[in-house]
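Visitor: whatever this is, show me its structure:
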Amino acid sequence: MSYALLAAGAACILLVGNGLYTLLWHPLASYPGPRLAALTKWYRAYFDLVHDGGWLEHLEELHRQYGPVVRVAASELHFAEPAAYHDIHNFTNRFAKDPELYRAFDLPQASFGQVDPVAAKTRRDTLGPLFSRQGIRKFEFVIQDKVDLLVNRLIEEGSTRQPVNLFLAFRSFSFDTIMSYCFATSYHSLEHERFAHPMIPIIFKVNVLTWTLRYFPFLMSLVRYGPRFITSRLSPVAVGFQGLFDHFDKRVDEVLSEPESLGAAGHDTVFHHLINGKRERPSKEVLIEEAITLFGAGSETTAAAVTTAIFHVLNDKRIRERVMEELREAWPDPTMRLSAQEIEKLPYLTAVIKETLRFAPGVVTPAPRIVHQDSVIAGHPIPAGTTVAIGATFVHLNPEIYEDPKRFKPERWLKEGAQALESAYFIPFSKGPRMCLGHYLAWCEMYLVLANVLRKTDITVFETDETDFEFRQYWMPIFRGRQLKGFVEPRID
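Guide: Predicted coordinates for the structure are as follows:
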């Protein structure tokens, strides 16, 4: 018998033996779930890749079939019980992020991609003051300037009597805002005709690469560093991904060569704190990764929330009239500025924003954590080394917590018990030590944009309905349907 046959036989025996161990004797063998998912990662890959970001939808089917806890990989469990969220994401356990997922973003040194809780805390301590409530208050005048420009540009584009692309307009606003906070400069995307700045579509196009890079990580180096003529043959999206790194490489070089430009901005900037902070200056690669993180998290998530909110307000006459009544009473003269602090006091607009964030959280992929010691999650014993997760949608759309969860109902946040509901089961920015760093910025932007756009413009939605907001799951939600458009006129009442 040849050595090749012996090797093949040994490999088969090893493969079969590993499969039997995984199914019969593994510490998670008693947890229900599809056997194929326990045996191979390609089970999930099929839904991520072939079904175009369809894993989240399939997870819902799995929980209907198997119950509140499902074994979705050899050493991974997914939970549908909301109590699990607090057991996983809290300040006591501090479970580490699972590197197997986060390597797909190729941002291992950025605040988002750091899997080590200690290293992540150090970075958050550096950036925390900038993204605190007080820090955002100091930056608010810049946000307001961009909101004013957004409103003026919407009215200007609307004067052509053609539908205005609100989807791109809100992304132009959030992109210009976060780049000003990072680099003390605007990319002037709001001023582009039809809001067609070339950087705007990149983030949701690049997101589509997420699962490809997760399952084929060797492509990452090719996409980032390979010649353009090769990456262009792979996919136009790959070229966009490469271009994103190239762009911020140059931008960081400019900042490092002229750091004094950040100090002359008239407001604090993220990169001024990173470069001139008390801690050791981060490397150029770290700065590039942080820039890309802030670009993605600071532009797409808030813009998607504003887009969703505007649609639901305009699409429901009852909601629209109640919002407008509240705004007119609180803001009789819209030529005067109204601060975010004053807008926050409007209960119904606040309820609209909360309902938007419940309905469409910025991140929909379950964020996996690794249990570092034997633990109990939602009453279930979990052995050390297990990866655990629960997606935000399994909390926000749970009918036992939220009545009629798939209906947009701002009034739920004005009822008795709403404060307790928010404290326990409202998680659009996650919870615990890895909670979204920019949540105060997001709230401020949403208050200012929604109040100003609704109070100063009259928008009629064009060829958009609720089905256009069904999404594919690529970490962030990517809407399947048409981009939100509308006819825009200045409001005269």
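
Visitor: when you work out contacts or count neighbours from here on, use the C-alpha atoms and nothing else.
Guide: Fine.

Visitor: where does the stretch 151-300 of the chain have low pLDDT?
Guide: Within the stretch 151-300 of the chain, the stretches with pLDDT under 70 are 263-264, 278.

Visitor: let's see 80
Guide: Scanning the stretch 151-300 of the chain for pLDDT under 80 picks out 203-205, 223-241, 259-265, 277-280.

Visitor: which residues in it form helices?
Guide: Remark: helices assigned in the stretch 151-300 of the chain by DSSP state H, counting those that start in this stretch are 166-183, 202-206, 210-215, 218-225, 228-234, 236-257, 260-263, 270-276, 284-315.

Visitor: for those helices, give me TSV that also has distance to residue 62 and mean neighbour count.
Guide: Shown next, in TSV, are those (distance: least, CA to CA, whole Å; neighbours: other CA atoms under 10 Å):
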stretch	distance to residue 62	mean neighbour count
helix 166-183	33	25
helix 202-206	28	18
helix 210-215	20	19
helix 218-225	30	16
helix 228-234	33	14
helix 236-257	31	17
helix 260-263	50	16
helix 270-276	42	20
helix 284-315	28	21
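
Visitor: export those as CSV, with columns for distance to residue 338.
Guide: Converted to CSV, the helices of the stretch 151-300 of the chain look like this (distance: least, CA to CA, whole Å):
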stretch, distance to residue 338
helix 166-183, 18
helix 202-206, 31
helix 210-215, 40
helix 218-225, 44
helix 228-234, 48
helix 236-257, 34
helix 260-263, 28
helix 270-276, 26
helix 284-315, 18
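
Visitor: tell me which of these sits nearest to residue 145.
Guide: Evaluated with CA to CA, the helices of the stretch 151-300 of the chain place helix 166-183 nearest to residue 145, the distance being 9.6 Å.

Visitor: helix 236-257 and that closest one, what's the angle between them?
Guide: In terms of direction (axes from the mean of the first three to the mean of the last three CA atoms, to 10 degrees), helix 166-183 departs from helix 236-257 by 30 degrees.

Visitor: list the contacts of helix 166-183.
Guide: 139, 142-143, 146-147, 150, 154, 185-190, 194-197, 200, 255, 262, 268-271, 291, 294-295, 298-300, 302-304, 306-307, 445, 483-486 (CA atoms under 8 Å, 6 or more residues apart in numbering).

Visitor: ok, and the closest non-adjacent residue to residue 185?
Guide: The shortest distance from residue 185 to any non-neighbouring residue, by CA to CA, 6 or more residues apart in numbering, is to residue 179 (6.6 Å).

Visitor: how near is that neighbour to residue 378?
Guide: 41 Å (CA to CA, to the nearest Å).

Visitor: quick check: beta-bridge partners of residue 478?
Guide: residue 472 (DSSP bridges).

Visitor: can you pull out the strands in the stretch 301-450 of the chain?
Guide: Ranges of strands in the stretch 301-450 of the chain, per DSSP state E, counting those that start in this stretch, are 369-370, 375-377, 380-382, 387-389.

Visitor: in terms of secondary structure, what does the last one contact?
Guide: If I follow you right, that is strand 387-389. strand 76-79, helix 83-88, strand 369-370 (3 or more CA pairs under 8 Å, 6 or more residues apart in numbering; DSSP states H and E).

Visitor: ok, 10 Å please
Guide: strand 69-73, strand 76-79, helix 83-88, strand 96-97, strand 369-370 (3 or more CA pairs under 10 Å, 6 or more residues apart in numbering; DSSP states H and E).

Visitor: closest one to residue 42 among these?
Guide: Across the helices and strands packed on strand 387-389, residue 42 has its closest neighbour in strand 69-73 (9.8 Å, CA to CA).

Visitor: for that closest one, which strands pair with it and how are they oriented?
Guide: By DSSP bridges, strand 69-73 pairs with strand 76-79 (antiparallel).

Visitor: and for residue 287, nearest residue in space, chain neighbours not counted?
Guide: Residue 287's closest residue in space is residue 252 (CA to CA, 6+ apart), at 6.8 Å.

Visitor: give me every residue that touches the one you found.
Guide: By CA atoms under 10 Å, 6 or more residues apart in numbering, residue 252 lies in contact with 183, 258-259, 271, 284-285, 287-288, 291.

Visitor: likewise for residue 433?
Guide: Residue 433 sits next to 89-95, 117, 120-121, 124 when contact means CA under 10 Å, 6+ apart.

Visitor: now, among the residues you listed, which is nearest to residue 314?
Guide: Closest to residue 314, out of all of the contacts of residue 433 and judged by CA to CA, is residue 89, at 35.2 Å.

Visitor: residue 374: neighbouring residues, count only.
Guide: By the criterion of other CA atoms under 10 Å, residue 374 has 12 neighbours.

Visitor: can you check residue 321 too?
Guide: 13.

Visitor: I figured it was touching residue 314, is that so?
Guide: Yes. Contact between residue 321 and residue 314 holds when scored by CA atoms under 10 Å: they sit 9.2 Å apart.

Visitor: that older thread, is it possible to get JSON lines of the strands of the stretch 301-450 of the chain that adds mean pLDDT, mean neighbour count and distance to residue 100?
Guide: Shown next, in JSON lines, are those (pLDDT from 0 to 100; neighbours: other CA atoms under 10 Å; distance: least, CA to CA, whole Å):
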{"stretch": "strand 369-370", "mean pLDDT": "96", "mean neighbour count": "22", "distance to residue 100": "10"}
{"stretch": "strand 375-377", "mean pLDDT": "96", "mean neighbour count": "16", "distance to residue 100": "21"}
{"stretch": "strand 380-382", "mean pLDDT": "96", "mean neighbour count": "14", "distance to residue 100": "19"}
{"stretch": "strand 387-389", "mean pLDDT": "98", "mean neighbour count": "24", "distance to residue 100": "10"}
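
Visitor: now the contacts of residue 252 as TSV including distance to residue 463?
Guide: As requested, the contacts of residue 252 are exported to TSV (distance: CA to CA, whole Å):
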residue	distance to residue 463
183	37
258	47
259	47
271	41
284	45
285	44
287	41
288	39
291	35
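
Visitor: quick revisit: out of the strands of the stretch 301-450 of the chain, the one nearest residue 44 is which?
Guide: Nearest of the strands of the stretch 301-450 of the chain (CA to CA): strand 387-389, 14.5 Å.

Visitor: could you dump stretch 323-343 to CSV, C-alpha only?
Guide: Coordinates of each C-alpha in stretch 323-343 appear next as CSV, following Å, rounded to 0.1, in the frame of the first residue of the first chain:
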residue,chain,number,x,y,z
VAL,A,323,-44.6,65.5,15.1
MET,A,324,-45.3,68.7,13.3
GLU,A,325,-47.7,69.9,16.0
GLU,A,326,-45.0,69.4,18.6
LEU,A,327,-42.3,71.1,16.5
ARG,A,328,-44.5,74.2,15.6
GLU,A,329,-45.4,74.7,19.3
ALA,A,330,-41.8,74.4,20.5
TRP,A,331,-40.3,76.2,17.6
PRO,A,332,-42.6,78.9,16.3
ASP,A,333,-39.8,80.8,14.5
PRO,A,334,-37.7,78.3,12.5
THR,A,335,-35.4,81.1,11.4
MET,A,336,-33.9,81.0,14.9
ARG,A,337,-31.7,78.1,15.9
LEU,A,338,-33.0,75.5,18.3
SER,A,339,-30.2,73.6,20.2
ALA,A,340,-30.1,69.9,20.5
GLN,A,341,-30.6,70.3,24.3
GLU,A,342,-33.9,72.1,23.7
ILE,A,343,-35.0,69.6,21.0
